[in-house]
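S.K.: make a model of this:
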Amino acid sequence: MKHQIKRRQLGRKSGPRKALLKNLAKSLILHEKIETTEAKAKELRPFIEKIITRGKKDDLHSRRVLISKIGSSILVEKVIKEISPKHKDRKGGYTRIIKTGFRSGDAAKMAIIEFV
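M.R.: This is a model prediction of the structure:
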């Protein structure tokens, strides 16, 4: 039975899945817009929104939590100094997912995820 299974597995075990989300989050923070599969974009949305919400509060604890989640102090600075102040008045919904069609190789559903 599949009771209380909340997340997609994305064809990976838990360690590689966490690494995938971390790398997708790094790319999104760096480029502010990435194209990936629809399932990965839908999994990335809650992960990145928690990061942005944490980045609104600029204190030492928040920085340390963000560094543990993202893994790069340079990207944490970008979250705190550039991205979070843009969304200061929003209570959530910092990202948008735009469906773009199908990938030509394997017909996977593709989507663009970007900051609002």
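
S.K.: quick one: the helices in the chain, in order.
M.R.: For the chain, the helices defined by DSSP state H cover 14-31, 38-56, 60-70, 73-78, 84-86.

S.K.: please work out which of these is packed deepest.
M.R.: For these, the largest average neighbour count (mean count of other CB atoms under 10 Å) is found in helix 38-56, namely a mean of 18. In short, each C-beta sits where N, CA and C put it, glycine included.

S.K.: could you give the angle of it to helix 60-70?
M.R.: Relative orientation of helix 38-56 versus helix 60-70 (axes from the mean of the first three to the mean of the last three CA atoms, to 10 degrees): 160 degrees.

S.K.: then helix 38-56 to PDB, C-alphas only?
M.R.: Taking Å, rounded to 0.1, in the frame of the first residue of the first chain, the C-alpha atoms of helix 38-56 are listed here in PDB:
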ATOM      1  CA  GLU A  38       7.900  18.500 -15.400                       C
ATOM      2  CA  ALA A  39       8.200  16.000 -12.500                       C
ATOM      3  CA  LYS A  40      11.600  17.400 -11.400                       C
ATOM      4  CA  ALA A  41      10.200  21.000 -11.600                       C
ATOM      5  CA  LYS A  42       7.200  20.000  -9.500                       C
ATOM      6  CA  GLU A  43       9.600  18.400  -6.900                       C
ATOM      7  CA  LEU A  44      11.900  21.400  -7.000                       C
ATOM      8  CA  ARG A  45       9.200  24.000  -6.200                       C
ATOM      9  CA  PRO A  46       8.600  23.200  -2.500                       C
ATOM     10  CA  PHE A  47      12.400  22.800  -2.000                       C
ATOM     11  CA  ILE A  48      13.300  26.100  -3.400                       C
ATOM     12  CA  GLU A  49      10.400  28.000  -1.900                       C
ATOM     13  CA  LYS A  50      11.500  26.900   1.600                       C
ATOM     14  CA  ILE A  51      15.000  28.200   0.800                       C
ATOM     15  CA  ILE A  52      13.600  31.600  -0.300                       C
ATOM     16  CA  THR A  53      11.400  31.900   2.800                       C
ATOM     17  CA  ARG A  54      14.400  31.100   5.000                       C
ATOM     18  CA  GLY A  55      16.500  33.700   3.100                       C
ATOM     19  CA  LYS A  56      14.100  36.400   4.000                       C
END
